[in-house]
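Novice: just the structure for this:
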Amino acid sequence: MKKLGYALCLLLAATSSASALELGFSGMARMTGDSYLVVQDKKVFETGDRVGIFQLSADGQQHYTPLQIDNWRDPDGPSSDLESVCQLPGSQNQYLLAESGYWDGKFGRIFRVELNGTQANVLQVYHVPKLIPSGKGKHGDNFEGMLCAKMGANTLVILGERGGSKAYRHGVLRIGVLQPTSIDWQHYAEQAVKVKAPKSWRTAKYRSISDLYLDNDGIIWAVATQDAGDNGPFRSVVYAAARLAQNSSKTPLEALKHAAAAWPIDGFKVEALAAPNVNVPGSVMSIGTEDEHFGGVWRPLFPSQNGTDD
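Specialist: Sure, this is the predicted structure:
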C-alpha cells in the first residue's frame, strides 16, 4: 500500500569520539539551525534542571546546557511534568512551556519564558483547559504536545491530548487563542480535532500523541508511542495528523483521515518532534526520546529513497 512517501532512517548524530548525553527529551523546539530548547518531565518534588539547550555542532558533537529559572511566578512552585514547548511566532527568544495537566487541582500550567543567556525568565503563567480532572486513581486531561502558530491577527496555541486512557481513547487537538494574560480555550472549543494514530501496534494500549510538529507546508505531524514499562520494549510511530487551515476563523485545523505510519520506530519512545538540524544535510525532522530507565537520544529523520514504504 502506498503511504506518505517517507521511511525511517536513523543516523547517529554524534561521532564515535562523542560521549552520549543522558538526557530525556519530553519536548523540544528548534531555536537556531543547530540548537533546540528542551523540556524534561521532572515532577515538582524532583530536583534538577527542567529546561535546557541541546546543540549538535558541525563536527557531530552533542552539547547540553541547563537553563536556570529562579522564579516560576506561581504558588504551585516549580514546574511539574513539563511535556511540550513551542516558540512564540514573531519572537526570537520567547517560548511557551506546558505541563501535562492538572493533578489534584494543582499545576496544569503553561509558562511564557524569555531566554537570556543561561537564564530563562518566566513572564506569564497561563493554564491548560480543564475538562476532566485528574488525581489519585483518576486520569483526566493529559497534554503531551503543543504548537504555536500565527493565523491572521491571532496566535494559536494547539495542545495535543495524548489519548490511550479511559477518558480519551484517541488523541485530540485543542485550540486556544493567546491573550495578554490568559489563553482563550472557548473560542474554538467546538473545533477540537480528534486524532487516531495509524494501526501499527502489538497491543491495544498506546498513546496517540506524545508530541506535535508543524512543518513549513502547514502539516501537523504527531508521534504515537507504546511501552510495556520503564524498561520497554518501546515503539513509536510518526504520522501526519492534521493540516493548519489558511485564512479560516471557523476551522483552524483540518483533520487528515486514514493516517499512515510515515516513520515506524522500534526500540525508542519518541516524545519530542522538531525541525531538522542544519548540520545533518538532507534530514527533514528531528526526534528526541524519553526511554525511561535508559535515558534518551536525539536523532534526525530522512525521507525515503523510493517514495514509498510497505
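Novice: middle-most residue in this protein, spatially?
Specialist: residue 211 (3.1 Å; CA atoms, centre = their mean).
Novice: look up which residues are beta-bridged to that residue.
Specialist: Applying DSSP bridges to residue 211 gives these bridge partners: residue 223.
Novice: for residue 198, pull up the helix or strand it's in.
Specialist: Taking DSSP states H and E as the definition, one finds residue 198 inside no helix or strand.
Novice: my read: the residue nearest to the centre of the chain touches residue 273, true?
Specialist: Yes - Residue 211 is in contact with residue 273 according to CB atoms under 8 Å; the separation is 4.6 Å. Where you see a C-beta, it was placed from the backbone N, CA and C, and this is true even at glycine.
Novice: what do these two both touch?
Specialist: 145, 222, 223 (CB atoms under 8 Å, 6 or more residues apart in numbering).
Novice: okay, the residues you listed in CSV with pLDDT and distance to residue 112 next?
Specialist: Converted to CSV, the shared contacts of residue 211 and residue 273 look like this (pLDDT from 0 to 100; distance: CB to CB, whole Å):
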residue, pLDDT, distance to residue 112
145, 98, 18
222, 98, 24
223, 98, 25
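Novice: contact partners for residue 176?
Specialist: With CB under 8 Å, 6+ apart, residue 176 has these contacts: 129, 156, 157, 158, 159, 183, 184, 185, 187, 188.
Novice: so what's the fifth one closest to, chain neighbours aside?
Specialist: Which is residue 159. Closest residue to residue 159 apart from its sequence neighbours, by CB to CB, 6 or more residues apart in numbering: residue 143 at 4.4 Å.
Novice: still on that earlier bit, among the shared contacts of residue 211 and residue 273, which one sits closest to residue 79?
Specialist: The shortest gap between residue 79 and any of the shared contacts of residue 211 and residue 273 belongs to residue 145, at 16.6 Å (CB to CB).
Novice: what about the nearest residue to that closest one once chain neighbours are set aside, how many residues nearby?
Specialist: Distances taken as CB to CB, 6+ apart place residue 160 nearest to residue 145, at 3.1 Å, with adjacent residues excluded. For residue 160, the tally of surrounding residues (other CB atoms under 10 Å) stands at 31.
Novice: pull the CA atoms of the helix or strand hosting residue 160 into PDB?
Specialist: Counting by DSSP H and E, the secondary-structure element that holds residue 160 is strand 154-161. Taking only C-alpha atoms (Å, rounded to 0.1, in the frame of the first residue of the first chain), the coordinates of strand 154-161 have been written out as PDB:
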ATOM      1  CA  ASN A 154      -4.200  35.700  16.400                       C
ATOM      2  CA  THR A 155      -1.600  33.500  17.900                       C
ATOM      3  CA  LEU A 156      -3.000  30.000  18.200                       C
ATOM      4  CA  VAL A 157      -1.900  27.600  20.900                       C
ATOM      5  CA  ILE A 158      -2.600  24.000  19.900                       C
ATOM      6  CA  LEU A 159      -2.400  21.300  22.600                       C
ATOM      7  CA  GLY A 160      -2.400  17.500  21.900                       C
ATOM      8  CA  GLU A 161      -4.300  15.300  24.300                       C
END
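Novice: and that strand, how far out from the chain middle?
Specialist: Using CA atoms, centre = their mean, to the nearest Å, the distance from the centre of strand 154-161 to the centre of the chain it belongs to is 12 Å.
Novice: returning to what we had before: distance to residue 236 for the shared contacts of residue 211 and residue 273 - can I get that in TSV?
Specialist: Putting the shared contacts of residue 211 and residue 273 into TSV (distance: CB to CB, whole Å) gives the following:
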residue	distance to residue 236
145	13
222	11
223	6
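Novice: which secondary structure elements does the longest strand belonging to the chain contact?
Specialist: Scanning the chain for the strand with the most residues, using DSSP state E, yields strand 234-244. Using 3 or more CB pairs under 8 Å, 6 or more residues apart in numbering; DSSP states H and E as the contact test, the elements touching strand 234-244 are strand 171-178, strand 193-195, strand 207-214, strand 219-227, strand 253-255, strand 263-266, strand 270-274, strand 285-289.
Novice: and residue 65, how many residues sit next to it?
Specialist: 13.
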